[in-house]
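>>> The sequence and its predicted three-dimensional model are supplied below.
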Number of protein chains: 4
Amino acid sequence: MPLKPDLPEPESVQKRVGLAIVGLGKLSAEELIPAIRTSQHTRVAALVTSDVEEGRALARAFDLTDGDVYAYDDFEALKDREDVDGVYIVLPNSLHREFTERAARMGKHVLCEKPLSVNAAEAQAMVDACRAAGVQLMTAYRCQYTPHHWAARDAVQGGRLGAVKLLDSIHVQVETDPEAWRMKIALAGGGPLPDVGLYSLNILRFVLGTEPEWVFAAQHQPKNDSRFREIEESVSFMLGFPGGVIANALTSYGAHKTTTLRVLGEEGNALMDPAFSYTGLSLSITDKGGQTLPAFGSYDQFGLEIDHFAERIRDGNTPWTPGEEGVQDHRIMDAIYESARTGQVVRLENYAGLDVFRGEKPELPG
Amino acid sequence: MPLKPDLPEPESVQKRVGLAIVGLGKLSAEELIPAIRTSQHTRVAALVTSDVEEGRALARAFDLTDGDVYAYDDFEALKDREDVDGVYIVLPNSLHREFTERAARMGKHVLCEKPLSVNAAEAQAMVDACRAAGVQLMTAYRCQYTPHHWAARDAVQGGRLGAVKLLDSIHVQVETDPEAWRMKIALAGGGPLPDVGLYSLNILRFVLGTEPEWVFAAQHQPKNDSRFREIEESVSFMLGFPGGVIANALTSYGAHKTTTLRVLGEEGNALMDPAFSYTGLSLSITDKGGQTLPAFGSYDQFGLEIDHFAERIRDGNTPWTPGEEGVQDHRIMDAIYESARTGQVVRLENYAGLDVFRGEKPELPG
Amino acid sequence: MPLKPDLPEPESVQKRVGLAIVGLGKLSAEELIPAIRTSQHTRVAALVTSDVEEGRALARAFDLTDGDVYAYDDFEALKDREDVDGVYIVLPNSLHREFTERAARMGKHVLCEKPLSVNAAEAQAMVDACRAAGVQLMTAYRCQYTPHHWAARDAVQGGRLGAVKLLDSIHVQVETDPEAWRMKIALAGGGPLPDVGLYSLNILRFVLGTEPEWVFAAQHQPKNDSRFREIEESVSFMLGFPGGVIANALTSYGAHKTTTLRVLGEEGNALMDPAFSYTGLSLSITDKGGQTLPAFGSYDQFGLEIDHFAERIRDGNTPWTPGEEGVQDHRIMDAIYESARTGQVVRLENYAGLDVFRGEKPELPG
Amino acid sequence: MPLKPDLPEPESVQKRVGLAIVGLGKLSAEELIPAIRTSQHTRVAALVTSDVEEGRALARAFDLTDGDVYAYDDFEALKDREDVDGVYIVLPNSLHREFTERAARMGKHVLCEKPLSVNAAEAQAMVDACRAAGVQLMTAYRCQYTPHHWAARDAVQGGRLGAVKLLDSIHVQVETDPEAWRMKIALAGGGPLPDVGLYSLNILRFVLGTEPEWVFAAQHQPKNDSRFREIEESVSFMLGFPGGVIANALTSYGAHKTTTLRVLGEEGNALMDPAFSYTGLSLSITDKGGQTLPAFGSYDQFGLEIDHFAERIRDGNTPWTPGEEGVQDHRIMDAIYESARTGQVVRLENYAGLDVFRGEKPELPG
């Protein structure tokens, strides 16, 4: 009686790329660790945390041992863990540089959550450190690894929409805890812009493949709201891309969760709504013939991103979203904040060509 | 056997407010005249046109006589037509002022298509002329008379979305004929901004009820495209409203038809998509409980607007969207063009209060 | 200055096919008369009504004269009206035969609302009378004339869905007035089945093009509800089509308005929802590649149907939905009621071939 | 620096209810094992398989040891595994009884995939065996444990739709492999009906809470299709519920995947589409005020079902969907096949009251 499982032969756990998760917040516990455990090529080898007791409880829940849990101060103990090939840094933004550099010194490859750092200079230092140490540095831009976002990009770059004229993106959500690290300028490097607004910025650049030439921005920071003592509540920014293409974007920590991306072309338009959620992404393409909603097989967004990192560790090629991709977003965000502060348009360095900060294209599932 | 028609007793045709349609383009022939014929309170009494032969063909198709058709030069003959209470001006923008002033001199009330004129100064002259003559001047802002747009406004102003933080609107379409009057700066006064972008501007102001304090804009005018020798192809504009509320908008004559409005509040958001179409308007309100799409009985958008004009002729009260409402949009559009030209933020005069340029609220059907 | 209306040259009113509307209920007043007035080829020439006073009010509202209004008893006065080419019968079902035969005797062509009559025998008599008199008889199956329903049919018959296996349709609504003629068996000939359920039956046959071979049905007639003393509240029916294709349908006067059609094929499925409404029809086709919602230009459903009638009057060809099409639906509805009464499957006469009861294909707009 | 994970404290793996998975097909490997690993109260303790080699590969991929893998012949070795509290039977239908009885003899609780067995008599024997052994028997009706389906049921039973009149459900998909066990009558006990059609049957009963009084069915089994030598391709069935409520359903192995549920009430209707998928369930409720799509937090459908089983093992209460619930569906499916064979209505035993075959209500998340 044939009962064979109809699934790709999983790599034996012991042969996979071993990762240490650095920082055990909600994202790690609820998304990243489960994604790694169901990925093709990676496994959780160690946990690094500020609270070893808590880390051990999590380790037990995920079949690791107490010996797999490390305090931040003991991070360098990973050097001798041959089963740890790389680290996934999921810390407050201001700590990304320190832990990246410490990992690089141990010869461990680095996958770092977005934003890469707190500004372009810090981010560039991370790139330099990893290059000097000969380890990979990849920025964890999840949305650049999904079939949905690639289909949107293909519609744009493949001409299905005709010449692209305008783009529009929104990523807003409500943050309620004034004490969260995201609300502290020293830890986060900014407010909603480098956290959720960065999705819009990064994916606008991704679908076009080109780099903005100028920005204008306005922001709002309410008085008398304890959440916004250090950071802005909302930012609106406008980006000028080559050829007169203009993109608008809105981001906020004060508005009900919404994530959208719209590309307006001469012959049609593309809409993603939701555009950046962990599940349930939806892409719709409309032209004079009507509306099409392409179907995609199911996949895990985080798993695709993490497996790309593992494959680049193995083959040594530059990841699709290396550190340089994260640096460029920081340059633009630095300019957005400058424009919001001065009320003036800020011009950016011009870069000709497509995907100038990106590496090897990811393989898409299915 | 009871076979009574279950419909509101229609006013007898002869008792209705008689209108002369000035300008017989596609909008008049396909939308306005049919809407008047099925309205509650108005009837088509005369047609005024550049091409009397063509006007007579149209008159015959709509049960009027040859004697009801007038050349532009014979416009003043309407003075003695006691059955003509008002005129509906559906001409190229640059002619709005002339025909409004000629109508006012005859003592005829004026309903004028949007934009009211070609700039704020010209528009203000129209307001002044009608005031001096003691006739009504109403700007034909169709979308301020529909149950859908009022439900969006009520969600915003009634608190259902919580405090409103950000707004976003798009109105783009493709224009293909370089010879159309809309492509001539002298006739249109601008490009897509005063034509389709005005919907976004006007409805953003309508749902908030407040007036913007500053604008920033960028535009694109391609070289080597015969359509855009005189006018811009696209405009992106950002509006700063009281309380730090920011709105983004995109408009173009070079992108596939799209009309949207989004309002982002602390507790929920509202989406209209399509937001400005003649039929098929859709409103969706999302909060943490999910998504709601309110249902509305069927109605004719143009009919509601035109009946409002008729009722204001009868009672003498100020229309909800008088000439002043049109002037204010021109002030803002003048500033948008100035910002696009100079690359600088342009500040606007502040107006405290709600609906400062509006008159008597329209009655909604059902 | 070119201001030419961009619309098809309308036929002069006087040259169009003149119709007498027989029965002035809500459908006539709100849908049919406005549709005729904006149609390409027809005009309202006369009104025939039980209440002449009321008819005159309606006439005045629609630019007709008192002389254009006739009592039912004066119906034969239309014989001498050379400007009346045909009649559109919009009466209670039980009167369809009488007025069809009276019209045929006058040599007037007949467009008759659905259901054609109250049972197959009565309906066949109408076909015979019109054939004998040499006048057209067309059943007013609006949904067989729309681009949406033809696109659904084309998806089915053109193979886009693969082999069709199963179909499903719903048409239910709430009727509240126990005194309405639709609730009287002598006037209506049945309950929701010949009124709204007939849409499902007729369009299931239309999209397949074939005829059912057997039916099974169950119905519910609640006690103690004054609306359902004479007629059923709900009917569920199952139809067996050639090749093992099975269709389910639900109809009711006791359930909130819902109209759907679903076709399930081996490679994809088609969904119309709403499927039978006057406006806002929606068609969606789903296959392994995703979902497509074709776009159609705007059109008036009633106008398309009525213009088809006018063109068949002019060319003498058989309409797409002649009387025979209405007779066949009555045969099937007679069988549905028999099955519901006996609890047994009822077999129907077999008809080989496609569209065996239909005439000349309608031209679709655009 | 606070970095506490914001997630419910997971039960330590060692304290959870241990389950042996019996049968390692695609459902086990891709859905059930991952769901157990992320559940609140259960863990995978052992795998039972026909192919021990393959089982060991899977075990390694999921952090189990070779010693945790058992051949079917060694099933009784689980008796001494104190860490195995229950078994989850995921075998071809015809083996459900044998393995349920073997598990019961070991004193292990049983969660059995749907359909419970191959007919009502076999299913009843399973109930009897578990009762005699004093172990739980739960039918794995996943859809009776989700917030979406409970919200649909609450809309029905809470009166939001008014009196319910009619229901409609579809569950069809394409099966391509003639050699799959699902295509063998001896292994599956039927065709699409007990596999996918059972979802419709079971959830129609669930949302109403009552039991059908009669059934009528028709089926189609094509000649010359190697897939359908033993089983039917499609079944259409009609169910008569108390109070004249009628439900239609369609199921097939020959039509593109579609899963829907519709409930038609006097004041509104509910639609689930997709209705039965593992992810992406959608519920919409429409009434005269419009349409509402309630939002639910994310959850794992299988995890909710499996945790319910674990909690009933711990407290000894009857599960919401015990064996008796599975037996009743078999009684109805037996009648459906009889009706399809005879062409006659088949009457069922009447059961007064609500939820007569169900146990303790599940707790819903959030």
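Done, it's in. Numbers count the residues shown, from 1 in each chain, chains lettered A, B, ... in the order given.

>>> Verify the stated contact: A:Pro365 with A:Leu304.
Yes - when contacts are counted by Cβ atoms under 8 Å, A:Pro365 is listed as touching A:Leu304 (6.8 Å). Where C-beta positions appear, they are placed from N, C-alpha and C, glycine not excepted.

>>> Of the two, give the one with the bigger neighbour count.
Neighbour tally, A:Pro365 and A:Leu304, criterion other Cβ atoms under 10 Å in any protein chain shown: the higher count belongs to A:Leu304, 21 against 17.

>>> Check the offset of the helix or strand containing that one from the chain's centre.
Secondary structure from DSSP states H and E places A:Leu304 in helix A:301-315. For helix A:301-315, the separation from the chain centroid amounts to 13 Å (computed by Cα atoms, centre = their mean, to the nearest Å).

>>> same check, this time on stretch A:337-350
On the basis of Cα atoms, centre = their mean, stretch A:337-350 sits 24 Å off its chain's mean C-alpha point.

>>> Quickly list what the residue nearest to A:Ile246 when sequence neighbours are not counted is bridged to.
Sequence neighbours aside, B:Ser236 is the residue nearest to A:Ile246 in space, at 4.4 Å (criterion: Cβ to Cβ, 6 or more residues apart in numbering or on different chains). As for beta bridges, B:Ser236 partners with B:Ala218, B:Leu250 under DSSP bridges.

>>> Contact partners for the residue lying closest to A:Arg182 once chain neighbours are set aside?
Nearest residue to A:Arg182, sequence neighbours excluded (Cβ to Cβ, 6+ apart): A:Ala188, at 5.1 Å. The contact partners of A:Ala188, by Cβ atoms under 8 Å, 6 or more residues apart in numbering or on different chains, come to A:92-94, A:118, A:181-182, A:194-195, A:231.

>>> A:Met106 versus A:Ala188, what's the distance?
Distance, A:Ala188 to A:Met106, by Cβ to Cβ, to the nearest Å: 26 Å.

>>> Likewise for A:Tyr351?
Distance, A:Tyr351 to A:Met106, using Cβ to Cβ: 33 Å.

>>> Those two: which has the busier surroundings?
A:Met106 (17 against 14).

>>> wait, doesn't the more buried one sit right on A:Glu76?
Yes - proximity of A:Met106 to A:Glu76 meets the contact threshold set by Cβ under 8 Å, at 6.5 Å.

>>> who does the host helix or strand of A:Glu98 touch, helix- and strand-wise?
Assigned by DSSP H and E, A:Glu98 belongs to helix A:96-105. Judged by 3 or more Cβ pairs under 8 Å, 6 or more residues apart in numbering or on different chains; DSSP states H and E, helix A:96-105 is in contact with strand A:86-89, strand A:109-113, helix A:120-133.

>>> Figure out which of those is closest to B:Val345.
helix A:120-133 (25.1 Å; Cβ to Cβ).

>>> State the next helix or strand along the chain beyond that closest one.
strand A:137-140.

>>> Extract the CA atoms of that following strand and return them as PDB.
Coordinates of each C-alpha in strand A:137-140 appear next as PDB, following Å, rounded to 0.1, in the frame of the first residue of the first chain:
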ATOM      1  CA  LEU A 137      26.500  40.300   5.100                       C
ATOM      2  CA  MET A 138      22.900  40.200   4.000                       C
ATOM      3  CA  THR A 139      20.100  42.600   4.900                       C
ATOM      4  CA  ALA A 140      16.900  40.700   5.700                       C
END
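
>>> following that strand, which helix or strand comes up?
Sequence order places helix A:147-157 as the next helix or strand after strand A:137-140, per DSSP H and E.

>>> ok, back up a step: can you lay out the helices and strands packed on helix A:96-105 as JSON lines showing mean pLDDT?
Below are the helices and strands packed on helix A:96-105 laid out as JSON lines (pLDDT from 0 to 100):
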{"stretch": "strand A:86-89", "mean pLDDT": "98"}
{"stretch": "strand A:109-113", "mean pLDDT": "98"}
{"stretch": "helix A:120-133", "mean pLDDT": "98"}
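
>>> Could you dump those into JSON lines and include distance to chain D and mean neighbour count?
Listed next are these as JSON lines, based on distance: least, Cβ to the nearest Cβ, whole Å; neighbours: other Cβ atoms under 10 Å in any protein chain shown:
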{"stretch": "strand A:86-89", "distance to chain D": "13", "mean neighbour count": "26"}
{"stretch": "strand A:109-113", "distance to chain D": "13", "mean neighbour count": "27"}
{"stretch": "helix A:120-133", "distance to chain D": "18", "mean neighbour count": "19"}
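
>>> Can you say which of the ones you listed is nearest to chain B?
Chain B lies closest, by Cβ to the nearest Cβ, to one member of these: helix A:120-133, at 23.7 Å.

>>> ok and the closest one relative to helix A:96-105, angle-wise?
0 degrees (axes from the mean of the first three to the mean of the last three Cα atoms, to 10 degrees).

>>> any idea how far helix A:120-133 is from the chain center?
Offset of helix A:120-133 from its chain centre (Cα atoms, centre = their mean): 17 Å.

>>> cool, and stretch A:220-239?
Distance, stretch centre to chain centre, for stretch A:220-239: 22 Å (Cα atoms, centre = their mean).
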